[in-house]
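In: prediction below, plus the sequence it came from.
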Amino acid sequence: MKKYFLLIVLMLAYSQTIASDSIQMLIPEPKADALEVLQTRLVERNYVIFTNLDYWVDTCYTSTLRAHDEYSQDFVELPFSDATFNAVNITDYDCAIFPIGNSGPGGVTMPPNWGSRFGLSSGTQGGIKIIDKIMEMANAGKGVIIIAQNALWGNSASPDGDVSNFLENIMGIDYQGKYKCSRVSSSGGSTSYEWWMFKIEGTIGDPVGMGLPKYFNGGDESSGNAIQPHSYFLDVDWFFSTDNETFPITERSLTAQSDTAFGIRAEYFSDEETRSRITFMSVPWEGFGGLWDIKKIMMWNAMRWVLDESGAPGPEISVDPAHLDFGSVEDGEKGEMSFEVKNVGVETLEISQLCTIYWDDETIYPEGSSAFSVTENLIYYGDPKLSIEPGESETVKVEFQPDMGEGEYRMMIEISSNAKAQPNLKFALEGYGGEKPPEGGNFAVDVDTLQFGEVSSEGQKSDMDLVLRNIGDSEILISVYIDDETNDDLSFSFAQTINNPKYIDPTDSLVYQVRFFPLEENKDYYGKVRVDVDQAVNGNEFFIDLHGSSSVWSSVSDNTDSNLDISVLPSLNDGNFTFKVDSKYISPFNSSITIRDINGRTVKTISNSEEVNSGISEFRVSMPMAPQGRYFICLNYMERTLNIPFIIER
């Protein structure tokens, strides 16, 4: 009963979310007693955090600030309100923190109201927008930390211009869409939500991300019960960086495309001498569930970086894959699998324990079984420690031998170490003894290798459909991504936005379009698509090989049309330019026009449906933030594609 009540509460919360960033969302003024407190707290403090923009601000943000000696006495908590800004100047502070994820308007009580969202253009009754104060700090060369869910301008049909400029041009965010973290299911007239676990890992070596692994919707991923009281995410904004050197990614997903980003940082110069450091994280920290240590380290990392202070990062741990599913193993036989333990920090990782554990009644099933065992790199307290240097990894082998008859088996591995964020990491094991009943998902793919053939000219791509099927009797859950370690020159990618994970119902299939875009001529290219599968009886990891080649290209593309001529006019150095389409066709035709980079990714859409008339049509393009490099004007028309290369120089 408790579970279904919680589902209803969360559905009500989700139904009240505000998708737009527009100023329609007004921030209530604080009550009178809050104003009295404000008048007594106007003392010199170095940092300010706004407390009425997120319901969980004290649990997830101010508590982590208090945990750091260097910040615990130097920050002030204030409401984002007209009264506050009538009394204080925000630029008197060295850093301002804007936690604008899940908010309860005015700090009201628990659900259903906590599902509201304050976007960056939300404002006070007097019209002071959140983005106004962010830019005021940035122009003054002060530090800014923004932690927000559903706040990106891409969510709005008519985005606020100030917000769009900040996110696109100052933070270098190329909004892509929603990363799905749940699904809605209906049965018998009732609707419920099912959550699944997903993992984000901070960028290795980044001063903010530090390689920190973060788990969301943690708990029992099969039933959809997330860790209480936080961690419920239906979807999360994700984006690309327009230039990874200028706008470094601090957090990225491990189960989507390789450049899927959830966190980013930037340095903004309002003039030659005034520099501001800004971090933006699209997943609010209530999503970290019970990982309080990670919240503390993330706040410490972010504060040290935006304030331009030196840090002292330590070791960090990550495991891949996130759990092991042995599938079916017959009685008397053994199954063996392995996982990697990696040090994603910058100091030596010391593993003091790595073994199966029995820490509560639900850790092992069936009770009393010892079906799972670590066969390589087993460590108990008191044994010599296993040392892993930064960037290095160790393979852990695990054996599964059913010992209590037919049925399901579950256990956990505990890894204890000196990792700062997760000193005690729990790792799930599961398997089935005997022949698993025929009821169950069964993953299938029609080909072992996608053969793209030969690309005959520069700037061309080749797309192929990858069909993944469920030939079993129950649903399976899959995640797909390109395996970067085997992706030659990053020439293979998905041709559409990938939302991981996805369910495949029995006898149903999913189609993914894989793209081959070679960068060099006269070369063979190889890659792999990795498919992670849950709830399938035939395994949990599959690979599909990718192969393509490029011929010897001439200096002029042979992808031409004698009836069309596209010419690019000068002034490319600032990213603003004009190109002309000269059509010799008598009748007009419809076309789509995009700008793509050398990886075949669309960086700007000129038009989804443009009528090109006979004669000369002129198009003006503005790409002021586009990095220097080679691009293509891509004209799609009459079942043909014309790619015209050009170069932006800085």
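Out: Received, thanks. Numbering: from 1, shown residues only.
In: which residues of the stretch 301-450 of the chain score low on pLDDT?
Out: Scanning the stretch 301-450 of the chain for pLDDT under 70 picks out the ranges 310-313, 322, 357-363, 437-439.
In: all helices of the stretch 151-300 of the chain, in order?
Out: With DSSP state H, counting those that start in this stretch applied, the stretch 151-300 of the chain shows helices at 161-165, 292-306, listed in chain order.
In: after the last one, which helix or strand is next?
Out: Which is helix 292-306. Following the chain from helix 292-306 toward its C-terminal end, the next helix or strand by DSSP states H and E is strand 317-320.
In: circling back to that earlier point, any chance of the helices of the stretch 151-300 of the chain in a markdown table, with distance to Thr246 and mean neighbour count too?
Out: Backbone N, C-alpha and C define where each C-beta goes, glycine included. Written out in a markdown table, the entries for the helices of the stretch 151-300 of the chain read as follows (distance: least, CB to CB, whole Å; neighbours: other CB atoms under 10 Å):
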| stretch | distance to Thr246 | mean neighbour count |
| --- | --- | --- |
| helix 161-165 | 16 | 17 |
| helix 292-306 | 16 | 22 |
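In: got those helices as TSV, with distance to Ser369 columns?
Out: Compiled in TSV, those are given as follows (distance: least, CB to CB, whole Å):
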stretch	distance to Ser369
helix 161-165	55
helix 292-306	32
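In: go through those helices and name the closest to Thr449.
Out: Closest approach to Thr449 among the helices of the stretch 151-300 of the chain (CB to CB): helix 292-306, 40.0 Å.
In: give me the contacts around the closest one.
Out: For helix 292-306, the surrounding residues in contact (CB atoms under 8 Å, 6 or more residues apart in numbering) are 47, 60-61, 63-65, 67-68, 71, 95, 143-145, 207-210, 212, 214, 265, 277-279, 281, 285, 288, 309-311, 313, 420-423.
In: rerun that using 7 Å as the cut-off
Out: Outside helix 292-306, the residues within contact range by CB atoms under 7 Å, 6 or more residues apart in numbering are 60, 64-65, 67-68, 71, 95, 143-145, 207-208, 210, 212, 214, 265, 277-279, 285, 288, 311, 420-421.
In: now swap in stretch 525-540 and tell me
Out: 321, 325, 327-328, 436, 440-443, 466, 468, 472, 475-483, 486-489, 491-492, 514, 516, 518, 541-549.
In: re the thing from before, for PyMOL, what selects the buried ones among the contacts of helix 292-306?
Out: The following PyMOL selection, which keeps only the buried ones among these, applies the criterion 16 or more other CB atoms under 10 Å:
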select buried, resi 60+64+65+67+68+71+95+143+144+145+207+208+210+212+214+265+277+278+279+285+288+420+421
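In: so which of the contacts of helix 292-306 sit within strands?
Out: Judged by DSSP state E, strands contain the following of the contacts of helix 292-306: 95, 143-145, 214, 265, 277-279.
In: nearest to Glu333, out of the residues you listed: which one, please.
Out: The shortest approach to Glu333 among the ones in strands among the contacts of helix 292-306 belongs to Lys214, at 37.2 Å (CB to CB).
In: you'd agree that closest one is up against Val236?
Out: No - when contacts are counted by CB atoms under 7 Å, Lys214 is not listed as touching Val236 (11.6 Å).
In: which SSE is Ile147 in?
Out: strand 143-148.
In: what lines up beside that strand in the sheet?
Out: strand 95-100 (parallel), strand 275-281 (parallel) (DSSP bridges).
In: for these, which one sits closest to Phe427?
Out: Closest to Phe427 of the strands paired with strand 143-148 is strand 275-281 (CB to CB; 25.9 Å).
In: any idea of the mean pLDDT for the closest one?
Out: For strand 275-281, the mean pLDDT works out to 96.
In: tell me how far that strand is from the chain's mean position?
Out: Distance of strand 275-281 from the chain centroid (CA atoms, centre = their mean, to the nearest Å) equals 18 Å.
In: re the thing from before, show me the contacts of stretch 525-540 that map onto strands.
Out: Secondary structure assignment by DSSP E places 325, 327-328, 443, 466, 468, 476-482, 492, 514, 516, 541-549 of those in strands.
In: give the PyMOL command for selecting the buried subset of these.
Out: Command for PyMOL that selects the buried part of the ones in strands among the contacts of stretch 525-540, burial taken from 16+ other CB under 10 Å:
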select buried, resi 325+327+328+443+466+468+476+477+478+479+480+481+482+492+514+516+542+544+546+547+548+549
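In: save the strands paired with strand 143-148 as JSON lines, and put in distance to Pro366 too.
Out: Supplementary listing: the strands paired with strand 143-148 in JSON lines, determined by distance: least, CB to CB, whole Å:
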{"stretch": "strand 95-100", "distance to Pro366": "44"}
{"stretch": "strand 275-281", "distance to Pro366": "42"}
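In: can you check which of those strands gets nearest to Pro506?
Out: Ranking those by their distance to Pro506 (criterion: CB to CB) puts strand 275-281 first, at 38.4 Å.
In: what lies in contact with the closest one?
Out: Contacting residues not belonging to strand 275-281 are listed as 137-138, 141-147, 171, 208, 250-251, 262-269, 302, 305-306, 308 [CB under 7 Å, 6+ apart].
In: neighbours of Ile264, how many?
Out: Burial of Ile264, expressed as a neighbour count using other CB atoms under 10 Å, amounts to 29.
In: now do the one 10 residues further on
Out: If you count neighbours by other CB under 10 Å, Thr274 ends up with 13.
In: which non-adjacent residue is nearest it?
Out: Leaving aside its sequence neighbours, Thr274 sits nearest to Gly141 (CB to CB, 6 or more residues apart in numbering; 4.1 Å).
In: and the one you found, that one's in a strand?
Out: No - residue assignment for Gly141, taken from DSSP: H, G, I helix; E, B strand; the rest coil, gives coil, which places it outside any strand.
In: list the residues that contact it.
Out: Residues touching Gly141, when contacts are defined by CB under 7 Å, 6+ apart, comprise 270, 274-276.
In: repeat that for Phe543.
Out: Phe543 makes contact with 528-530, according to CB under 7 Å, 6+ apart.
In: what pLDDT does the model give it?
Out: At Phe543 the predicted local distance difference test score is 91.
In: let's number from 308 now, not from 1
Out: Sounds good: first residue 308 from here, last item Phe850.
In: circling back to that earlier point, filter the contacts of Gly448 to the buried ones?
Out: The neighbour-count criterion (16+ other CB under 10 Å) marks Ser583 among the contacts of Gly448 as buried.
In: any chance of the contacts of Gly448 in a markdown table, plus distance to Thr909?
Out: A markdown table is the format used below for the contacts of Gly448 (distance: CB to CB, whole Å):
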| residue | distance to Thr909 |
| --- | --- |
| Ser577 | 31 |
| Thr581 | 35 |
| Arg582 | 32 |
| Ser583 | 31 |
